[in-house]
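**Student:** need a structure here:
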Amino acid sequence: SSSSNSSEQHTLMFDGGSRGNPGVSGAGFVLYDPAGKEVARRAIPLSNTTNNVAEYQGLVEGLKVARDQGVTNLCVKGDSQLVLKQVQGEFKVKAAHLAEYCQQAQSLAKECGKVKYEWVPREENTVADQISNEAMDMSARSSKKVSE
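**Tutor:** Numbers count the residues shown, from 1 in each chain. The predicted structure follows:
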């Protein structure tokens, strides 16, 4: 397309984690516009699940927001090599429940136009990491309430 903004790339950083694996879990993402300004972030508290499921939740929810914002050129960054390689089709997804997330992520990515994936070390994913930790805290608090 000839519109100037289509070539400008948004950046989605995602993360997810589990305390216990499986255990109290959470995911998070942050979306930046091409100028590096934060346009969206979300902490996603999750019930007992695994690291990989939490990572996928962060990715899927982030891609939904990117799509809803009309993003057409996206760089997705995360510190989970497994998830990034599965979504790109480099690793086979053996677990059926992960395959569902993987397909969901792939179809959302198609709706975002041009998407490239980039692995980053955890130290470079601090914002998403912090958000997913907040989500885990939220999840831990709500599960305490239930058991009291």
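**Student:** and the longest strand anywhere in the chain, what does it pack against?
**Tutor:** What stands out as the longest strand in the chain, according to DSSP state E, is strand 38-49. In terms of contacts (3 or more CB pairs under 8 Å, 6 or more residues apart in numbering; DSSP states H and E), strand 38-49 is packed against strand 10-19, strand 23-32, helix 51-68, helix 126-147. From N, CA and C alone the C-beta is placed, and that goes for glycine too.
**Student:** give me the sheet partners of it and which way each runs.
**Tutor:** strand 23-32 (antiparallel) (DSSP bridges).
**Student:** report the inter-axis angle for the strand it pairs with versus helix 51-68.
**Tutor:** 30 degrees (axes from the mean of the first three to the mean of the last three CA atoms, to 10 degrees).
**Student:** what stretches of this protein score poorly on pLDDT?
**Tutor:** 1-7, 145-148 (pLDDT under 70).
**Student:** give me that answer again for 50
**Tutor:** 1-5, 148 (pLDDT under 50).
**Student:** tell me the contacts of the residue positioned nearest the centre of it?
**Tutor:** Of all residues in the chain, the one closest to the mean position by CA atoms, centre = their mean is L59, 2.2 Å from it. The contact partners of L59, taken as CB atoms under 8 Å, 6 or more residues apart in numbering, are 14, 16, 29, 76, 78, 83, 87, 101, 105.
**Student:** pull the residues that contact stretch 93-113.
**Tutor:** By CB under 8 Å, 6+ apart, stretch 93-113 touches 6, 52-53, 56-57, 59-60, 63-64, 66-67, 71-74, 76, 86-87, 115.
**Student:** put together a markdown table for the helices and strands packed on strand 38-49, with distance to F91 on each row.
**Tutor:** Formatted as a markdown table, the helices and strands packed on strand 38-49 follow (distance: least, CB to CB, whole Å):
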| stretch | distance to F91 |
| --- | --- |
| strand 10-19 | 17 |
| strand 23-32 | 20 |
| helix 51-68 | 11 |
| helix 126-147 | 21 |
